[in-house]
Structures are given as C-alpha cells and as structure tokens.
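Novice: predicted model, plus sequence, below.
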Amino acid sequence: MPLLLIKLKNKKYQVAIPSKFFLKNNPKFDNEDKIWFHSCSMGETIAIKPLIKEFSDCNISVITNTGYEEACKHSKNVRYLPYELFLPFWINKQKALVVMEAELWFMLFYIVKRKGGKTFLINARISDKSYNSYRKMRWFYKYIFKNIDKVFAQSETDKQRLEYLGAKNIDVIGNIKLAQLPKITKKFEKTKQTLITAGSTHEKEEELILNSYDRKFGKLVIVPRHPERFEKVNNLIKNYCKEKNLKYHRFSQNESFDSDIILVDKMGELNNIYAISDVVILGGGFEKIGGHNPVEPAFFGCKIISGKEIFNQKSLFECIDNYYLVQNDELRNYLEKIDELKIPKLAKAGSVEPIIKELKNV
C-alpha cells in the first residue's frame, strides 16, 4: 500500500492504480458470453488488432496505460485487469479468454474455466534468458497450464519448453506480431546516394539528428511524428542548412529527394520512404517517448538505429535480429560506419488464421 501511494504521485499511474487495485471506474464487463482478449501493453495490443477486428463485440483487458490507450482505439469494452485477489468476483461468464504471450495469471485462467469459458494462450514464447526462471517454478506453472485449453506457440523450441512446464494441446503458428506487415501506397525511385530516414521524430530528436549528420553520410529525410510540429521543424532545418550551406526542401512542395535534407511534412508517406531508404534513425527512443515500431523499417531492409528509450516497443524489437540501440552522443559514430552496420532480419511471421478458426468454433 505505501508503494502504491507513492506511485500515485506520478500522473502515469493516477488512473491505472485506482482502477487495478481499488476498482475505481473499472467494473466487470457489461457484456457476458463474449470473446475476451487480454494483453499487457501497447505492443501486444497492436498485435491482436486483426483478432479484435474479427470479433468486434469482444471484451479487452490490459495492464499498462499505453495498452489501455491503444485498446480504446478499437473497442468500447476495455478494462484494466484488476489485482488477482479481486478476480473471483470481478470476472463474469465469458465464451472464451484469449491471453497474449506471458500473462500467466493463475486466478485469471482458473476463474474463467470455473465459469465455463474456454481458455487460450497465444503467441506463447519463453526466451533463453527467462527459461531457467520458469523451470525453477515448474511446479506452479503446471497448475496454471491445467486451466489452459490450447496454446499457440511461436516456435518448436517454445513448444518444447511449454510442454516441459505442463502445457498441452500446443500448435506452432509463428509470431503473430509479424502478421500485419507494412504496405506501400506509392512507389518512389531509389536514390543513388545513401538515403537516411529519420522516422517518427519528436521534440529535441531532430536537433540531435542534425547535429550528428554530415553530408558525406548521404541524404537525410526527416519525418516528424506529429504534423503540428512541421513548421517548427521546418524552421530548425532551414537555419541548420543555411549555416552548413546545404540544399533543403519540403516534401509537400516537391516530392523528390534531390536535396541534402528533406522535411517530409505530409502524412502517410513513411512506409513509402522506408521502401527506398538504406538507414533508418527511428525516433521516439532518444527521448523518454518509448520508441516506435521497428518492424516497418526492418521489413524494407533498412539498417536500424534507435535510442535506448524503447520501453513501449520492446516486444516488437524482440521480433528483429540486427538493430542498434545507442546513446544520444553515439549517434554520429554509428552514422560514420553505416557500411559496417548489419541489415535487420524479421523473425518468422505468424498467422492469426488458426486462432480465428479456433475461436469461431467455441
């Protein structure tokens, strides 16, 4: 309780803590006998969007603030998952519970089963790093898995580890976080020079990137995250280019990549530009923003550099091999050795179709 009261001073927790530990504005779901999806944070909630779309009258519960905000974009039936002691009287009868990844709450599965619902664990994975910890608690996980009807695992290795912990009825379907791969809406011609795209940048990040940039590295494209900042970033780049004697233009006025630095002040172009980029400096990680989706640039084969503040996107970075998380003062050093950086690889993409098929038979 003292720890909760201390955390309440932080605005970040002023809604979540009263909801989870005191049930403030967090009643049980209004609609019973529905498909109930549970995910932890933003990355997991984004990953289940195709499932939410398929079962549009579903219920959704989450753990984190960012997960809650994302879930509210797709459903009106969103709740914070309460503290486990509240679950026996908070949970009402549901047709099925679908839990994402490692949210292995004993009481959650147990109560749903006791009330007649089917239970599923999807995108299940046990990393090398955490496997020893799981093994030490094998006796406990056996009790949890007794209440899980079916598991959809990411790989054969995960399947073997889950079976050791007591899971049964496991299908391997790959990583469903990669089931929603990006698409382009317009095709641009590839530049002869190296194209560096700073994607989804935030306050202070553009200045950091400009100060780390040199024309010898290649052309630089800057795509701010929020359109209301376009003018401010435009003035920043103009002053920088004037001082450095660099050629600059705005993409809204000239859809080309002829200048040294280009400001993309149009929405909906980022994936189109990733498709012709060589390197992506991924914004949101150099300030305490939480990072942005690395799957998009990785899909297009762009070398990825980001800051270390990727706390909202860790689960998506785990889907990729070969990316670089750097301190702010290291960015220039990495740009100087672009040729040495490795091209990222996506983990095996999964499909949500087996999950949908299973849920439609519930």
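Specialist: Received it, and whenever you're ready, just let me know what you need. What you see is a predicted model; the values in this text were computed from it and never measured.

Novice: tell me the contacts of the closest residue to residue 109 other than its chain neighbours?
Specialist: Spatially, and ignoring its direct neighbours in sequence, residue 109 is nearest to residue 147 (3.9 Å; CB to CB, 6 or more residues apart in numbering). (Glycine included, C-beta is placed from N, CA and C.) Shown in contact with residue 147 (CB atoms under 8 Å, 6 or more residues apart in numbering): 106, 109, 110, 112, 113, 119.

Novice: please, which helix or strand holds residue 147?
Specialist: Per DSSP states H and E: residue 147 is located in neither a helix nor a strand.

Novice: ok, now how distant is it from residue 323?
Specialist: As judged by CB to CB, to the nearest Å, residue 147 and residue 323 stand 37 Å apart.

Novice: can you check residue 228 too?
Specialist: As judged by CB to CB, residue 228 and residue 323 stand 29 Å apart.

Novice: and those two? Which one has more around it.
Specialist: For the pair residue 228 and residue 323, the greater number of neighbours falls to residue 323 (21 against 7), based on other CB atoms under 10 Å.

Novice: can you select the buried ones from the contacts of residue 147 in ChimeraX?
Specialist: Per 16 or more other CB atoms under 10 Å, the buried members of those correspond to this ChimeraX selection:
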select :109,110,112,113,119
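
Novice: for the most centrally placed residue in the chain, give me phi and psi.
Specialist: Among the residues of the chain, the one closest to the centroid is residue 43, at 2.8 Å (CA atoms, centre = their mean). According to degrees, to the nearest 10, the main-chain angles of residue 43 amount to phi -60, psi -40.

Novice: next one: the one 3 residues further on
Specialist: Backbone geometry at residue 46, expressed as degrees, to the nearest 10, gives phi -60, psi -40.

Novice: find the helix or strand that residue 189 is a member of.
Specialist: Short version, using DSSP H and E: residue 189 is in no helix or strand.

Novice: brain fart, residue 197
Specialist: Remark: residue 197 resides in strand 195-201, with elements defined by DSSP H and E.

Novice: what packs against that strand?
Specialist: Secondary structure elements in contact with strand 195-201, counted by 3 or more CB pairs under 8 Å, 6 or more residues apart in numbering; DSSP states H and E, are helix 205-212, strand 219-224, helix 270-274, strand 279-282, helix 295-299.

Novice: just so I know, which of these lies nearest residue 328?
Specialist: In terms of CB to CB, the element of these nearest to residue 328 is helix 205-212, at 5.7 Å.

Novice: ok, and what's touching the closest one?
Specialist: By CB under 8 Å, 6+ apart, the list of residues contacting helix 205-212 reads 198, 201, 220, 222, 224, 233, 236-237, 240, 261, 281, 283-284, 286-287, 328, 331-332, 335.

Novice: and the angle from it to strand 219-224?
Specialist: Counting by axes from the mean of the first three to the mean of the last three CA atoms, to 10 degrees, helix 205-212 points 160 degrees away from the direction of strand 219-224.

Novice: list the buried residues for helix 205-212?
Specialist: The neighbour-count criterion (16+ other CB under 10 Å) identifies 205, 206, 208, 209, 210, 212 as the buried residues of helix 205-212.

Novice: ditto for stretch 228-248
Specialist: Neighbour-count burial for stretch 228-248 [16+ other CB under 10 Å]: 229, 230, 233, 234, 236, 237, 240, 241, 246, 248.

Novice: name the nearest residue to the second one, sequence neighbours excluded.
Specialist: Pointing back at residue 230 there. Once its chain neighbours are removed from consideration, residue 230 has its nearest residue in residue 265; the separation is 4.2 Å (CB to CB, 6+ apart).

Novice: start to end distance for stretch 282-301?
Specialist: 14 Å (CA to CA, to the nearest Å).

Novice: in it, what counts as buried?
Specialist: Residues 282-287, 289-300 are the ones in stretch 282-301 that count as buried (16+ other CB under 10 Å).

Novice: state the pLDDT value of residue 164.
Specialist: As predicted, residue 164 sits at a pLDDT of 97.

Novice: what is the mean pLDDT for stretch 277-289?
Specialist: For stretch 277-289, the mean confidence score works out to 97.

Novice: distance between it and the chain's centre?
Specialist: Stretch 277-289 has its average C-alpha position 14 Å from the chain's average C-alpha position, going by CA atoms, centre = their mean, to the nearest Å.

Novice: now do the same end-to-end measure for it.
Specialist: For stretch 277-289, the first-to-last residue distance is 24 Å (CA to CA).

Novice: tally of neighbours for the residue nearest to residue 230?
Specialist: Burial measure for residue 265: 19 neighbouring residues, criterion other CB under 10 Å.

Novice: again with residue 11
Specialist: 8.

Novice: residues touching it, list them.
Specialist: Shown here is residue 11, which makes no contacts under the criterion CB under 8 Å, 6+ apart.

Novice: how does it look with 10 Å?
Specialist: Neighbouring residues of residue 11 by CB atoms under 10 Å, 6 or more residues apart in numbering: residue 65.

Novice: what's the answer for residue 218, then?
Specialist: By CB under 10 Å, 6+ apart, the contact set of residue 218 is 191, 192, 193, 194, 195, 196, 260, 277, 278, 279, 335, 338.

Novice: out of those residues, grab the one that's most surrounded.
Specialist: residue 277 (28 neighbours).

Novice: what's the closest non-adjacent residue to residue 150?
Specialist: Closest to residue 150 by CB to CB, 6+ apart is residue 169, at 4.7 Å.
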